[in-house]
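Q: Here is a sequence together with a model predicted from it:
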Amino acid sequence: MRVVEKRQLLSAEEISRTLQRLAHEIVEKSGGTKDLALIGVRRRGVPLSERLAKTVKDFSGVDIPVGTIDITLYRDDLSTVGPQPVVHSNEISFSVDDRDLVIVDDVLYTGRTVRAAMNGLFDLGRPKRIRLCVLIDRGHREMPIEATFIGNSVQTSDTEIVEVHLKEIDGDERVVLVDRVP
Amino acid sequence: MLQRLEHLLGIEDLTREQISFILDQAKPFQEFQRHPLKKLATLRGKTVAIAFFENSTRTRISFSTAAARLGADTMNLQAEASSLKKGESLLDTVRTLEAMRPDGLVIRHSSSGAPEFVADRLGVPVINAGDGTHEHPTQALLDALTIRDRKGHLEGWNLTILGDVLHSRVARSNVHLLSKFGVRITLCGPAMWVPRELETLAPNVRRVTRVEEALDGADVIIALRVQTERLHEPALAAEEYILRYQLTPQRLQLARPGALVLHPGPMIRGLEIDGAVADGPQSCVLEQVANGLAIRMALLYHLVGGAAVEPPPAKPPEKAQ
């Protein structure tokens, strides 16, 4: 079984333009920045949420709060695969009560990660609203979860993997579709 | 690659990397204690047996709370040490526990080595909550976390342990842990409680009889509880202990400025420690308690949560003689 790159979905420039558009969309569809806060899902949701917040600051002058959430403790597949994964802390320095939250992640697939993220957020308080922003929606939902803000929708098969490379974590910057072939 | 931990029986056999990993993994659980809702479903459906054969309130409650906050159920066994031969009664206990099929066991026992004895036979992860005068690994871990949080690192400073070191499993575990990080350790207390042999426990350990000498240059001080029942073996008046070894504000001044004061608890104010020191800015006792919960949650998460679906077959119990 090996992994083969099938095609590039987004170049560095396309990622940048997509994030610009998403930042504007979030503010537009929220009627402004009041009570707005972004929650980046570890790992790649974190730099994405930071970039979105920076873009919002650039065009509106407003600093919207950004937090990060680690969903390891809320996953539904623990204890089925050997040693436990490493846990990390959340970093949410503001209260989530009555906040208009947007969860930010790189890829929306089965929806289980977002379910876990919501569980984590509800342990912290009672947000006014939670919506979801993803760079790529690749279908195959196993939970009744939808994203309000979508960078790109891509049709994928079960064996394919959408790999998001971000310079803060991976060094390079692009989104590729890879496949596992025998 | 971090060698996977199956049990936590003691600090002596852990590597620096394993210890650092546990301390790092306690951080998210420290943050968790500040959540309004302190309940996870991570260990839902798992049962942790908490078997204390020695009296303890604090450690037992700490482990129970850690398990409950992770969503696990607990079985609380509190038993007096049996008057039967120690080996026999422990085997009976092991059989009883096996019959209830827990997913993990936390055990405190008055016999050194009891947790290992049980771990060899039970087939589930075992955490030592204190065995005889041997080890109290979770105490050393929470002490290390407390010190690391305050000082930033665990390397290259001076530790003084004050009190009845001979009978202290807490002291032993702390010596094992901190010496692995290059901490220089001074043991001090009444001569019969700090025998010369303790210097061989680990590298960089020395023994000193005068408290003034022991505190000079100390960056961290661990004051041990005087086990009042032992004040009679041989006779040592409490007043004499206080006069010669009590950690007073004046004696604390002999240590480095801002030196940390730790105590495994429960404290006897006015005996091994002066109330002003216990409540002062250098005292870390409340942080120790909070960190105990985080450490125990991290251990239960990794050991009980991560157990293989098929535990290794338990050795059949030996037939009674």
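A: Okay, I see it.
Q: tell me the contacts of the residue nearest in space to the middle of chain A?
A: The centroid of chain A falls nearest to A:Asp105 when counting by Cα atoms, centre = their mean (0.5 Å). Contacts for A:Asp105 were tallied using Cβ atoms under 8 Å, 6 or more residues apart in numbering or on different chains; they are A:40-41, A:44-45, A:48, A:113-114, A:117, A:132-135. To be clear about C-beta, it is placed using only N, CA and C from the backbone, and glycine gets the same treatment.
Q: And A:Phe149, by the same measure?
A: Each residue near A:Phe149 by Cβ under 8 Å, 6+ apart is listed here: A:22, A:25-26, A:29, A:102, A:131-134.
Q: For it, give the beta-bridge partners.
A: Note on A:Phe149: beta-bridge partners by DSSP bridges are A:Cys133.
Q: cool, B:Asn76 as well?
A: With DSSP bridges as the rule, B:Asn76 is bridged to B:Ile50.
Q: Please enumerate the helices of the chain.
A: By default, I'm working from chain A. Taking DSSP state H as the test, the helices found in chain A are A:12-29, A:45-60, A:112-124, A:167-170.
Q: that's the wrong chain, I wanted chain B
A: Counting by DSSP H, chain B has helices at residues B:16-32, B:58-69, B:86-100, B:114-122, B:137-151, B:169-180, B:211-215, B:238-245, B:249-252, B:275-279, B:285-303.
Q: Which elements pack onto the fifth one?
A: Just to be clear, that refers to helix B:137-151. Helix B:137-151 sits against helix B:16-32, strand B:126-131, helix B:169-180, strand B:220-223, strand B:260-262, helix B:285-303, with contacts defined as 3 or more Cβ pairs under 8 Å, 6 or more residues apart in numbering or on different chains; DSSP states H and E.
Q: Spell out which residues of the stretch 1-150 of chain B are next to chain A.
A: B:4, B:25, B:27-32, B:35-37, B:39-43, B:46 (Cβ under 8 Å from any Cβ of the partner chain).
Q: Repeat the analysis, applying 10 Å as the threshold.
A: Taking Cβ under 10 Å from any Cβ of the partner chain as the measure of proximity, the stretch 1-150 of chain B contacts chain A at B:2, B:4-5, B:21, B:24-32, B:34-46, B:70-71, B:103.
Q: ok, of those, which come out buried?
A: Taking 16 or more other Cβ atoms under 10 Å in any protein chain shown as the criterion, what is buried in these is B:5, B:21, B:25-32, B:40, B:42-43, B:46, B:70-71, B:103.
Q: on contacts alone, who are the packing partners of the least confident helix or strand in chain B by mean pLDDT?
A: Lowest on mean pLDDT, DSSP states H and E among the helices and strands of chain B sits helix B:86-100, with a mean of 75. Counting contacts by 3 or more Cβ pairs under 10 Å, 6 or more residues apart in numbering or on different chains; DSSP states H and E, helix B:86-100 is packed against strand B:47-52, strand B:73-78, strand B:104-109, helix B:114-122.
Q: Which residue does chain B have closest to chain A?
A: Scanning chain B for proximity to chain A using Cβ to the nearest Cβ identifies B:Gly306 as nearest, at 3.7 Å.
Q: pLDDT value on that residue, please?
A: B:Gly306 carries a pLDDT value of 75.
Q: I figured it hits B:Gln25, correct?
A: No - with contact defined as Cβ atoms under 10 Å, B:Gly306 does not count as touching B:Gln25 (11.3 Å).
Q: Which of the helices of chain A sits closest to B:Arg60?
A: helix A:112-124 (25.7 Å; Cβ to Cβ).
Q: Now find how far off-centre the closest one is within its chain.
A: 13 Å (Cα atoms, centre = their mean, to the nearest Å).
Q: Please see if that helix touches chain B.
A: Yes - Helix A:112-124 is in contact with chain B by Cβ under 10 Å from any Cβ, via A:119-120, A:122-124.
Q: wait, A:Lys128 sits on A:Val96?
A: Yes - A:Lys128 is within contact range of A:Val96, at 9.1 Å (criterion: Cβ under 10 Å).
Q: Quick check on these two: which one has the bigger neighbour count.
A: More neighbours surround A:Val96 than the other of A:Lys128 and A:Val96, with 23 against 11 (other Cβ atoms under 10 Å in any protein chain shown).
Q: can you pull the contacts of that one?
A: Going by Cβ atoms under 10 Å, 6 or more residues apart in numbering or on different chains, A:Val96 touches A:37, A:39, A:65, A:67, A:69, A:120-128, A:130, B:36.
Q: Neighbour-wise, give me the winner out of the residues you listed.
A: Top of these by neighbour number is A:Ile39, holding 30 neighbours under the definition other Cβ under 10 Å.
Q: right, and that one touches A:Ile130 too?
A: Yes - between A:Ile39 and A:Ile130 there is a contact under Cβ under 10 Å: 8.4 Å.
Q: who touches both of the two?
A: Listed as contacting both A:Ile39 and A:Ile130 by Cβ under 10 Å, 6+ apart are A:96, A:99, A:101-103, A:117-118, A:121.
Q: out of these, who's nearest chain B?
A: Nearest to chain B among the shared contacts of A:Ile39 and A:Ile130 is A:Val96, at 9.6 Å by Cβ to the nearest Cβ.
Q: if we can go back for a sec, make TSV out of the helices of chain A and add mean pLDDT and distance to B:Val175.
A: Formatted as TSV, the helices of chain A follow (pLDDT from 0 to 100; distance: least, Cβ to Cβ, whole Å):
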stretch	mean pLDDT	distance to B:Val175
helix A:12-29	98	53
helix A:45-60	98	40
helix A:112-124	96	39
helix A:167-170	97	40
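Q: Compute the number of surrounding residues for B:Arg148.
A: When neighbours are counted by other Cβ under 10 Å, B:Arg148 registers 18.
Q: and the gap between it and B:Arg58?
A: With distances taken as Cβ to Cβ, to the nearest Å, B:Arg148 is found 21 Å from B:Arg58.
Q: One more: A:Glu28?
A: From A:Glu28 over to B:Arg58 (counting by Cβ to Cβ), the distance is 55 Å.
Q: So if I had to pick from the two, which one is more boxed in?
A: The neighbour comparison of A:Glu28 against B:Arg58 (other Cβ under 10 Å) goes to B:Arg58, with 12 against 9.
Q: Look at the nearest residue to the more buried one once chain neighbours are set aside and report its pLDDT.
A: Leaving aside its chain neighbours, B:Arg58 sits nearest to B:Gly265 (6.0 Å; criterion: Cβ to Cβ, 6 or more residues apart in numbering or on different chains). Note for B:Gly265: predicted pLDDT of 89.
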